[in-house]
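1. Quick one: sequence and predicted model below, then my questions.
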Amino acid sequence: MSASSWKNFTSTLTILVSAAIVSGCASSNNARTNSPTLYMHFGIYLDSPQRLVSTRVHLSESIFAAGDGFWQLQGNIQKRGQDFVAELTGSTGQGSGIFKGTLTLEKEVYASGGGFSGGVAPMWFLLSTNSDSEPLLRTIKKNYELMLEKAR
């Protein structure tokens, strides 16, 4: 192979490899942008639901968000088939709540474990396509009141 043929070959190979890398990055970014934008909301329920921390989440990536005081949300959410499977920890500084299990979009779940050093308040987590927590808080309040009625 002559020097000029070799130079043409390596130039073509460089272009092809660069195109493959760019294409792979684009398809990886498209996979993220083609899925719906998801937000994780964490809060407590006193007289009414209060949102403490909200953050945008990317499936299978670590979550860490902090709010006023010592409010924190940590964890991970993965998509397994049609299910969103989560391992979440929420903290208020005086208490923490843990949830491990399946999430349904737009439906709150309550911590199934945790610890407290003061008053105890139910802690909730909600996976949503909505970044605005106000309509979600109304739904949580309605669901909580129904749950209390059923318990009576």
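-> Sure thing, it's come through. On a predicted model such as this, the values are computed, not experimentally measured, just so you know.

2. Partner strands of the host helix or strand of Gly101 and their direction?
-> In this assignment (DSSP states H and E), Gly101 forms part of strand 95-103. Using DSSP bridges, strand 95-103 pairs in its sheet with strand 83-91 (antiparallel), strand 113-116 (antiparallel).

3. Let me see the residues that make contact with that strand.
-> 77, 83-91, 109-121, 123, 125, 127 (Cβ atoms under 8 Å, 6 or more residues apart in numbering). Using the backbone N, CA and C atoms, a C-beta is placed for each residue, glycine as well.

4. next one: stretch 110-126
-> The set of residues external to stretch 110-126 that reach it, using Cβ under 8 Å, 6+ apart, is 40-46, 49, 73, 86, 88-90, 92, 94-101, 103, 106-109, 136, 140, 144.

5. again, only this time at 6 Å
-> 41-46, 88, 90, 94-99, 108-109, 136 (Cβ atoms under 6 Å, 6 or more residues apart in numbering).

6. buried residues in it?
-> Neighbour counts over stretch 110-126 (16 or more other Cβ atoms under 10 Å) mark Ala111, Gly114, Ala121, Met123, Trp124, Phe125, Leu126 as buried.

7. Widest-spaced pair of these?
-> The largest separation in the buried residues of stretch 110-126, counting by Cβ to Cβ, is between Gly114 and Leu126 at 16.8 Å.

8. Got the confidence number for the spatially closest residue to Phe64 that is not a sequence neighbour?
-> Closest residue to Phe64 apart from its sequence neighbours, by Cβ to Cβ, 6 or more residues apart in numbering: Gln74 at 5.2 Å. At Gln74, the model reports a pLDDT of 97.
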